[in-house]
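Undergrad: Any chance you can model this:
(chains A and B)
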Protein chains: 2
Amino acid sequence: MAEPARRRGRGGGGAARRAERTAISIETAKYIERNIPNFEVLTEEALEIIEANAETVLEEIGVNFVDNPAALERWREAGADVQGERVRLPKGLARKLCATAPSQYTQHARNPEKSVVVGGRNLVLAPVYGPPFVRDVEGGRRYATMEDFRKFVKLGYMSKWLHHSGGTVCEPTDIPVNKRHLDMLHAHMTLSDKPFMGSVTAPERAQDSVEMCEILFGKDFVQENTVMTSLININSPMQFDDVMMGALEVYAKNNQAAIISPFIVGGAMAPVSVAGTLTQVLAEVLAGIAYSQLIRPGAPVIMGAFVTSIDMGSGAPTFGTPEAAHITYGAGQLARRLGLPYRSAGSFCGSKLPDAQAAYETANSLNMGLMSGVNFMLHSCGWLEGGLVSSFEKFVMDADQLGTLHGLAKGVSVDENAQAMDAIREVGPGGHYLGCAHTQANFKDAFWKTDLLDYKPFETWSEEGSKDTVALASERVKFLLDNYKQPSMDPGIAEALAGYVANKKASMPDSFT
Amino acid sequence: MAEPARRRGRGGGGAARRAERTAISIETAKYIERNIPNFEVLTEEALEIIEANAETVLEEIGVNFVDNPAALERWREAGADVQGERVRLPKGLARKLCATAPSQYTQHARNPEKSVVVGGRNLVLAPVYGPPFVRDVEGGRRYATMEDFRKFVKLGYMSKWLHHSGGTVCEPTDIPVNKRHLDMLHAHMTLSDKPFMGSVTAPERAQDSVEMCEILFGKDFVQENTVMTSLININSPMQFDDVMMGALEVYAKNNQAAIISPFIVGGAMAPVSVAGTLTQVLAEVLAGIAYSQLIRPGAPVIMGAFVTSIDMGSGAPTFGTPEAAHITYGAGQLARRLGLPYRSAGSFCGSKLPDAQAAYETANSLNMGLMSGVNFMLHSCGWLEGGLVSSFEKFVMDADQLGTLHGLAKGVSVDENAQAMDAIREVGPGGHYLGCAHTQANFKDAFWKTDLLDYKPFETWSEEGSKDTVALASERVKFLLDNYKQPSMDPGIAEALAGYVANKKASMPDSFT
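TA: Okay, here's the model as predicted:
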């Protein structure tokens, strides 16, 4: 399944050979192509009820498009009932508009081997998005900086099971708010060769993202191809704000992909029940995706569903819970019936530390993500403390676990070699398989291999310092960063990108709000 | 779903009322009745290939029944080809014999509210089984004692999501090998009122288990009902030793249930491929279950599959891996086609500590256990270090996670209340659901609640000592043990059980081998 994209040490002679021997592999696995079924919790009857209710919500209650007269005008022209900022959609209108959205699309990477196809039975994995804080063993919890951001991009580049470089892997709080998107995009473009996300914090920053892509990929290429997938959150319940819609308008116009995603803590931004939440999720994405198709029919979009449960005692969001799983499974079914790519799940956890709580919650979420048919998984590694923190150690811990999803998705072969009848005959009752011909021929690829977890005997493990997972992860973070080598880039493009960033920054005063 | 079985403080007046207010709830949830589908990785074609191959294995290669002339004679009479200790079964014979095994059975507990039905769409959860070591934060890793054993039984009794008291929750290494089964059974019978397992380390110890049950439940009741489910391991590949078969013979004769279970580290005790391992698993359980029905047609049995993958570098077993999941899903499909209850999965992990590695591996295993249709999950909490260690902290950590399986299994309601259309109408775009009528009416039961995990804000959590999951679990272990109250028992039965144990112990010299 893996497409090797090894980079080797440069230079000649003995030094080069030594470098080659000690260089670590930085291959990137191909995005997951599932060979297993999706898990479905909703019956046909349940799906029909939810779909009918979503249409009722759109027609009877409607959605708000805030501070966006042009959007209201577009809706009016499309046949919606617009009163003030409230947009009510006659039954069937949103679904009809959504029909022009493609069922899958290719997001191109500057390294063509790392382009991804979003949709179908595929699963593309991208890292954590958005936290203002970072945490590692040495420095504890602190505000994120641009230097942290660059480290996360490097770790993502070095992570075999991560297909996508992501977007705001952490908020670089030391850079002015109105300029940090430039540094973030520059980091993704130059420190990695995987696909990435654009800025959504203002329409003009989305435009900057497009222009930087035109430098990186060429202007014609960008107009004809999708080179960014960006995250457009809906202000649940049922509000579409002008900032996010402004960014969506830029991306859709330019044929760039958007995840249109309700952002829901169940019980707060949606009903406390699974069926009620799914109804609202569907109504919201129908309205949002329909709007994207009003901007440009055929613009690539993903149906998103960021949905968690809540601790009703404290109001804190909770992760890895059964209710979040039900919603994730159900939303996957709704997305497939709409014929749209689906985004949900991630390395979600509420824990403050990358401890057992974090890992239980994350493993629950990652497994449901694979099984629910998610096509694009944002936050697939590095998320901590309800999304407030990007954790360096958890990034590599989760990224390692993403390998298990690749293994699971492969399904089960029953070809003659896999049947292994000769091995069973050779070994017989009371025998041992380790040395048999079939094992020798197959052991290298038979089992998923961790790059992190510890399987040593207790005595060896004790002698080596009784390291827990965080200690092992901390070592791996250092190892990866120490061995990072920047992917090469055409010097003209590199210069043009740096120039664009410098000019843009010089064109406006700093703003930290 | 829960059957409350609260115990309240005794005594009169204010003290009693105070005790009542501070007493913790020790209700036990009803075993899981799944309202979600099973996840199936094997196609019909793959299943047929594996089933045909298993018949070929039984006919052509056969299985060994070691040091057991009576078993060989039974097989000969049943139509098998017996040469030396090798038993070859003509195609279809084993499957035909298996047909008398019931598709489900009730295992009675001394508290009738805690009896469990094993089979169908149910899932019964039992704790870790077998480790010679225990670990906790204070004492570290050490040989297990009878005092540790009693603590685990108490924790199991206090765990809401645990339906079964289990068997050898740890090996009480301070008690002679030939006597420890008496103390272990006595602990399960007197310190808990949940169902339990019998001894399998010698036929006479299985007989002692039956006799102690006759004291606890009454002789007639035991002859007519199943009161134990015990673990009979197959010595994979394809060997049935006289100790385990001797215990099986005692239990089957007495209509007591047995899990007949291959014990496989893939690549060592079975082929390195999933399909090959499933073929061997099926051949082994067909032979073992057929043998149980030769002893007594209709004797209750469970098709077991303890299967892990291996780290081919070190030979260490590995847990929570995709290959183990494939085998677990596949074996579930094979069990359902045989019409037999299925045992697999558990809180499996290879980690030495209850850290993130342990939790990832465990969560992967628990989720696959639920989704694969497991009916009896041994090791569902407390397992550490590849099964060498019973961990006090991990016991309560895993036991808390078992609640998520209960929640997931409930499935999704779409009744009018769950549809929540009134809530969506009441709140509307831009509103907030926390205060709405639907939320107020439903929040108490809407979400699974942890008894352990931390959802506090960072500042509160820091002020309270920045506790990780293990620290929280350590506190919970102490809390549960401090609040443990022994379930009441008829004094005559208590005396008779103690007398039986004392007499048996006095009847033989200690043996530690």
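Undergrad: Quick check: pLDDT value at residue A:103.
TA: Looking at residue A:103, its pLDDT stands at 98.
Undergrad: distance of it from residue A:92?
TA: As judged by Cβ to Cβ, to the nearest Å, residue A:103 and residue A:92 stand 19 Å apart. For the C-beta atoms, the positions are set from N, CA and C on the backbone; glycine is no exception.
Undergrad: Compare the two (neighbour count), which wins?
TA: Of the pair residue A:103 and residue A:92, residue A:103 is the one with more neighbours under other Cβ atoms under 10 Å in any protein chain shown, namely 14 against 11.
Undergrad: List the contacts of the more buried one.
TA: Neighbouring residues of residue A:103 by Cβ atoms under 8 Å, 6 or more residues apart in numbering or on different chains: A:119-120, A:339-341.
Undergrad: How about stretch A:269-280 and chain B, any contact?
TA: Yes. Counting by Cβ under 8 Å from any Cβ of the partner chain, chain B is contacted by stretch A:269-280 at A:269-277, A:279-280.
Undergrad: Just the CA coordinates for stretch A:173-188, please, in PDB.
TA: The C-alpha coordinates for stretch A:173-188 follow below in PDB (Å, rounded to 0.1, in the frame of the first residue of the first chain):
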ATOM      1  CA  THR A 173       0.500  33.400  19.000                       C
ATOM      2  CA  ASP A 174       3.800  35.200  18.600                       C
ATOM      3  CA  ILE A 175       2.900  36.400  15.100                       C
ATOM      4  CA  PRO A 176       0.300  39.100  14.500                       C
ATOM      5  CA  VAL A 177      -3.100  37.700  13.900                       C
ATOM      6  CA  ASN A 178      -3.400  39.400  10.500                       C
ATOM      7  CA  LYS A 179       0.000  38.000   9.300                       C
ATOM      8  CA  ARG A 180       0.300  34.600  10.800                       C
ATOM      9  CA  HIS A 181      -1.500  32.800   8.000                       C
ATOM     10  CA  LEU A 182       1.300  33.900   5.700                       C
ATOM     11  CA  ASP A 183       4.000  32.200   7.900                       C
ATOM     12  CA  MET A 184       1.800  29.100   8.400                       C
ATOM     13  CA  LEU A 185       1.200  28.600   4.700                       C
ATOM     14  CA  HIS A 186       4.900  29.300   4.000                       C
ATOM     15  CA  ALA A 187       5.800  26.600   6.500                       C
ATOM     16  CA  HIS A 188       3.500  24.000   5.000                       C
END
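Undergrad: Just give me how far that stretch sits from the chain centre.
TA: Taking Cα atoms, centre = their mean, to the nearest Å, the mean C-alpha location of stretch A:173-188 is offset from the chain mean by 20 Å.
Undergrad: how about stretch A:113-121: buried residues?
TA: Using 16 or more other Cβ atoms under 10 Å in any protein chain shown as the test for burial, stretch A:113-121 gives A:114-119.
Undergrad: Relative to residue B:511, which of the residues of stretch A:269-280 next to chain B is nearest.
TA: residue A:274 (56.7 Å; Cβ to Cβ).
Undergrad: list the contacts for that closest one?
TA: Here residue A:274 is in contact with A:266, A:323, A:326-327, A:330, B:412-413, B:418 (Cβ under 8 Å, 6+ apart).
Undergrad: Now, of those residues, which are buried?
TA: A:266, A:323, A:326-327, A:330, B:412, B:418.
Undergrad: Among the residues of stretch A:269-280 next to chain B, which lie within helices?
TA: Among those, the members found in helices (DSSP state H) are A:274-277, A:279-280.
Undergrad: re the thing from before, ok, of the buried residues of stretch A:113-121, which one's closest to chain B?
TA: Ranked by distance to chain B (Cβ to the nearest Cβ), the buried residues of stretch A:113-121 are led by residue A:116 at 21.2 Å.
Undergrad: Name the residues linked to the closest one by a beta bridge.
TA: With DSSP bridges applied, residue A:116 shows beta-bridge pairing to residue A:107.
Undergrad: Surely it and residue A:123 touch.
TA: No. Checked against Cβ atoms under 8 Å, the pair residue A:116 and residue A:123 is beyond contact range at 9.7 Å.
Undergrad: between these two, what contacts are shared?
TA: residue A:31.
Undergrad: shaky segments in the stretch 251-400 of chain A?
TA: Within the stretch 251-400 of chain A, no range satisfies pLDDT under 70.
Undergrad: can you map out the helices along it?
TA: Assigned by DSSP state H, counting those that start in this stretch, the stretch 251-400 of chain A shows helices spanning A:274-295, A:322-338, A:356-371, A:392-409.
Undergrad: tell me the contacts of the residue nearest the centre of chain A?
TA: Residue closest to the average C-alpha location in chain A (Cα atoms, centre = their mean): residue A:378, at 1.9 Å. Each residue near residue A:378 by Cβ under 8 Å, 6+ apart is listed here: A:126-129, A:166, A:231, A:259, A:343, A:346.
Undergrad: And for residue A:420?
TA: So residue A:420 contacts A:438, B:271-273, B:275-277, B:279 (Cβ under 8 Å, 6+ apart).
Undergrad: how about a cut-off of 10 Å?
TA: Going by Cβ atoms under 10 Å, 6 or more residues apart in numbering or on different chains, residue A:420 touches A:426-427, A:433, A:436, A:438-439, A:442, B:53, B:270-280.
Undergrad: close enough to count as contact, residue A:169 and residue A:157?
TA: No. Using Cβ atoms under 10 Å, residue A:169 is not in contact with residue A:157, being 11.2 Å away.
Undergrad: between the two, who's got more neighbours?
TA: The neighbour comparison of residue A:169 against residue A:157 (other Cβ under 10 Å) goes to residue A:169, with 32 against 22.
Undergrad: Give me the pLDDT value at the nearest residue to that one once chain neighbours are set aside.
TA: Counting by Cβ to Cβ, 6 or more residues apart in numbering or on different chains, residue A:152 is the residue found nearest to residue A:169 once chain neighbours are left out, at 3.9 Å. We have a pLDDT of 98 for residue A:152.
Undergrad: could you check the distance from residue A:114 over to residue A:229?
TA: 13 Å.
Undergrad: tell me, what's touching these two both at once?
TA: In contact with both residue A:114 and residue A:229: A:107, A:164, A:195, using Cβ under 10 Å, 6+ apart.
Undergrad: how about CSV for those residues, with pLDDT added?
TA: What follows is the shared contacts of residue A:114 and residue A:229, written out as CSV (pLDDT from 0 to 100):
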residue, pLDDT
A:107, 98
A:164, 98
A:195, 98
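Undergrad: which one among these gets closest to chain B?
TA: When those are compared against chain B (criterion: Cβ to the nearest Cβ), the nearest one is residue A:164, at 21.1 Å.
Undergrad: how about the residue nearest to that closest one when sequence neighbours are not counted, what does it touch?
TA: In space, and not counting its chain neighbours, residue A:164 is closest to residue A:126: 3.7 Å by Cβ to Cβ, 6+ apart. By Cβ under 10 Å, 6+ apart, the contact set of residue A:126 is A:116, A:156, A:162-167, A:169, A:194-197, A:229, A:231, A:259, A:343, A:346, A:376-381.
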